[in-house]
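Participant: here is my input; please provide its structure:
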Amino acid sequence: MHNKTTQALLNIGHAMDHLMLLIFATAVTRIAADFGLARWEDLMPYGVAAFFFFGIGSLPSGKLGDQWGRRKMMLVFFFGMGAASLLVAATNTPLQMAFALALLGAFASIYHPVGIPMLVQGAPRPGWTIGVNGLVGNLGVAGAAVATGFLVQYSGWRMAFVVPGLVCLVCGVLFAVYGSRESAAPAKKKQAGGHPPGETSLARLFLVMTMAATSGSLLFNFSTNSNFELLTDRLQGIAQDPAQIGLLLALVYTAASVTQLVVGHLIDRHSLKTLYVSVIALQAVLIALAATVSGWVFFVVQFLFMAAIFGAIPFTDALIVRYVDDSMRSRVAGMRLAVSLGASSVAVWLIGPVVKAAGFTALLGVMAVTSVVTLLVLTQLPRTPAPAAATLA
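Facilitator: Alright, predicted model coming up:
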């Protein structure tokens, strides 16, 4: 186990990773106006590069994490994210914004294949550890909504990038001074845990896990990148102030994030497949329901479907911890993330055109179908025994 300072900084890093990737989507209306664009939907596609590099960058990030060292890569993450965020704040055109966000996405790609495997090294309760990490990460999503809403309202959109950028730089300094040292890169150590199910089963597991993670990432990107404008649309005549919408959305994210603690606790005690299928089935029903309601009823349903979306997040990391040796977890996670997040970056590009052409009801319909596809994929997941029958590493 790492020291408490390292664990805290790794969890904070997860929060900053999600927060900083969502600032653009939360502030897009004000940025579009500042850049002279008539509609926010026209600026949204310029954020695609950030999520593309966030996904595809996971491949080299995971390889470097295993072979060069996870501590070194986390230092690159903190300092790179801080510098890139300050660069985004200095942009003046949509094209400049696209390039700066792409750089931010590239540095953001380091966290998931490096930070999470580093965090679970030697963890006695990996499900709970992943659940806590997921909770903190999604508090970053909540932070993006409320902090960006207030900073945009009272200090301008540029400060919404400057403040978290400075926080990241401070975290980098703290990690350099207090973070746990590595005796060697993970790939250079002897096997340190994991229970390979056999080559055929592992290949099947990786395929199904990647397909499910891709559709899950599509849902995550569809929801978190559109929720601010979606809630504004559904609360017409009730609430329109950016700071107020940001606060309401932060409440949704914060409350929904607690689901990850519950899921993390259950993962350490029950079959992964049964839990995973149950969460996705609930998710599909709730998103379909959201397409039919508005006002405060929608606000309640939005909380419920975001709880189901967030609750699905820990499963793929738990599967990797369950079956993959620590010496190669960053590479396996990197390969999975490169495919799932790279493919799901299309969600960011689609939001603007879909909403502009057909409205938010159509977007929710696409999300519901995506959830059903995830459910069908998961029926092919190999049945995994409960931890009582197979101890997690």
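
Participant: CA only for contacts and neighbour counts going forward, please
Facilitator: OK.

Participant: packing partners for whichever helix or strand A8 is part of?
Facilitator: Element membership of A8, judged by DSSP states H and E, is helix 4-34. Packing contacts for helix 4-34, counted by 3 or more CA pairs under 8 Å, 6 or more residues apart in numbering; DSSP states H and E, involve helix 94-108, helix 111-120, helix 126-154, helix 157-178, helix 199-234.

Participant: dump those helices to CSV, plus mean neighbour count.
Facilitator: Supplementary listing: these in CSV, determined by neighbours: other CA atoms under 10 Å:
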stretch, mean neighbour count
helix 94-108, 23
helix 111-120, 26
helix 126-154, 25
helix 157-178, 19
helix 199-234, 20
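
Participant: any chance of a markdown table for those, columns distance to D42 and mean pLDDT?
Facilitator: Output for the helices and strands packed on helix 4-34, formatted as a markdown table (distance: least, CA to CA, whole Å; pLDDT from 0 to 100):
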| stretch | distance to D42 | mean pLDDT |
| --- | --- | --- |
| helix 94-108 | 10 | 96 |
| helix 111-120 | 30 | 93 |
| helix 126-154 | 19 | 84 |
| helix 157-178 | 17 | 96 |
| helix 199-234 | 14 | 81 |
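
Participant: go through the ones you listed and name the closest to L37.
Facilitator: Closest of those to L37 is helix 94-108, at 9.3 Å (criterion: CA to CA).

Participant: residues making contact with that closest one?
Facilitator: The contact list for helix 94-108, computed with CA atoms under 8 Å, 6 or more residues apart in numbering, reads 17, 21, 35, 43, 46-54, 57, 76-77, 80-81, 84-85, 87-88, 91.

Participant: please redo it, this time with the cut-off set to 7 Å
Facilitator: Applying CA atoms under 7 Å, 6 or more residues apart in numbering, the contact partners of helix 94-108 are 17, 43, 46-47, 49-51, 53-54, 57, 77, 80-81, 84-85, 87-88, 91.

Participant: buried ones from those residues, can you make that a PyMOL selection?
Facilitator: In PyMOL, a selection of the buried entries from the contacts of helix 94-108 looks like this (16 or more other CA atoms under 10 Å):
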select buried, resi 17+43+46+47+49+50+51+53+54+57+77+80+81+84+85+87+88+91
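
Participant: picking up where we left off before, for the helix holding A8, the averaged confidence score.
Facilitator: On average, the pLDDT along helix 4-34 is 92.

Participant: next, the angle helix 126-154 makes with it.
Facilitator: 40 degrees (axes from the mean of the first three to the mean of the last three CA atoms, to 10 degrees).

Participant: just the C-alpha atoms of the next helix or strand after helix 4-34, please, in CSV.
Facilitator: Going down the chain from helix 4-34, the next helix or strand is helix 48-56, by DSSP H and E. Extracted in CSV, the C-alpha atoms of helix 48-56 (Å, rounded to 0.1, in the frame of the first residue of the first chain):
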residue,chain,number,x,y,z
VAL,A,48,-13.4,16.5,-30.1
ALA,A,49,-9.5,16.4,-30.3
ALA,A,50,-9.2,16.6,-26.5
PHE,A,51,-11.3,13.4,-26.1
PHE,A,52,-9.6,11.7,-29.1
PHE,A,53,-6.2,12.2,-27.6
PHE,A,54,-7.5,11.4,-24.1
GLY,A,55,-8.4,8.0,-25.5
ILE,A,56,-5.6,7.2,-28.0
